[in-house]
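Asker: my questions concern the predicted model and sequence given below.
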Amino acid sequence: MIAAIELAGVSRLYFVGDTTVKALDDLSLAIEEHSFTAITGPSGSGKSTLMALIGCLDVPTSGKIYIDGEDTSGMSEEELAYIRNRKIGFVFQHFSLLPRLNALDNTALPLLYAGAGQKERRERAAAMLERVGLKDRMRHRPSELSGGQKQRVAIARALINNPSILLADEPTGALDSATGHEVMELFHSLNEDGHTIVFVTHDQHLASECSRIIPIRDGRVDLDAG
Ligand SMILES: Nc1ncnc2c1ncn2[C@@H]1O[C@H](COP(=O)(O)OP(=O)(O)OP(=O)(O)O)[C@@H](O)[C@H]1O
Ligand SMILES: [Mg+2]
């Protein structure tokens, strides 16, 4: 069986002045298709670095990353962009919605970049907002939505190109616990629909709802934890 995501001996070093930060240190892991995984670990342990690498937003200093069995290391910027747009959806802690656009247009944005026409964009974005439970909030701008609703719009936008993998870096970090649970419920139902889900959380309770927890410490999988 091919893993949805595989990292083999991945290191990511940051060079700042004359110091070197080893954010990821020879990390290897595999994440199965259709699984639901939580990444946990202390602040600074390398979780966001790991997510950015899996999401092809960044490239490793050394080691290899495979998405659906495909080695991304030799890929051109164009090929990486294709993987980012088609195979992976990314959700951030602070939603990163455009403030002037309503929920519908925020959700449709990746389709605009992909060159889809207006009618198709509107229809697909509306269907996706309905999927995340925001049918009656399509014309609201981000400032007219609650935190949980904003995160749902961000999730709808991440899913608009129907990626198999959904990555979320502390998607509930800016939400109260009840709203955080609602977002988790949405992830569960997306996972049931077949999406592979990987998310970062500091909340052990949320992590325990997942099929797997990968604890990270000092840029490595923490074999002593979990
Ligand atoms: N762009 C950067 N330049 C230099 N160092 C960085 C950069 N990004 C992250 N780091 C360093 O790499 C290490 C890992 O950072 P990362 O953001 O991956 O941690 P994290 O586990 O996501 O932490 P948190 O839980 O606080 O979000 C940290 O020591 C951080 O200071
Ligand atoms: Mg982080």
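Answerer: Good, I have the coordinates. Ligands and ions are numbered 1, 2, ... in the order given.
Asker: secondary structure class for the residue positioned nearest the centre of the chain?
Answerer: What sits nearest the mean C-alpha location of the chain, by C-alpha atoms, centre = their mean, is residue 167, with 1.8 Å. Look at residue 167: counting by DSSP: H, G, I helix; E, B strand; the rest coil, its state is strand.
Asker: did I read that right, residue 158 in a strand?
Answerer: No - counting by three-state DSSP, residue 158 is not found in a strand; it is helix.
Asker: which strand or helix spans the closest residue to it other than its chain neighbours?
Answerer: Counting by C-beta to C-beta, 6 or more residues apart in numbering, the nearest residue to residue 158 once its immediate chain neighbours are dropped is residue 89, at 3.1 Å. For every residue, glycine as well, the C-beta is placed using N, CA and C. For residue 89, the host element (DSSP states H and E) is strand 88-91.
Asker: given that strand, what are its sheet partners and their directions?
Answerer: Applying DSSP bridges to the sheet, strand 88-91 is found paired with strand 165-169 (parallel).
Asker: get me the contact residues on this protein for ligand 2.
Answerer: Applying C-beta under 5 Å from the ion, we find that the chain lies next to ligand 2 at 47, 48.
Asker: can you list the domains in the chain?
Answerer: Domain segmentation of the chain under automatic domain parsing yields 5-87+163-221, 97-150.
Asker: quick check: bridge partners of the residue nearest to the centre of the chain?
Answerer: Beta bridges link residue 167 to residue 90, residue 198, judged by DSSP bridges.
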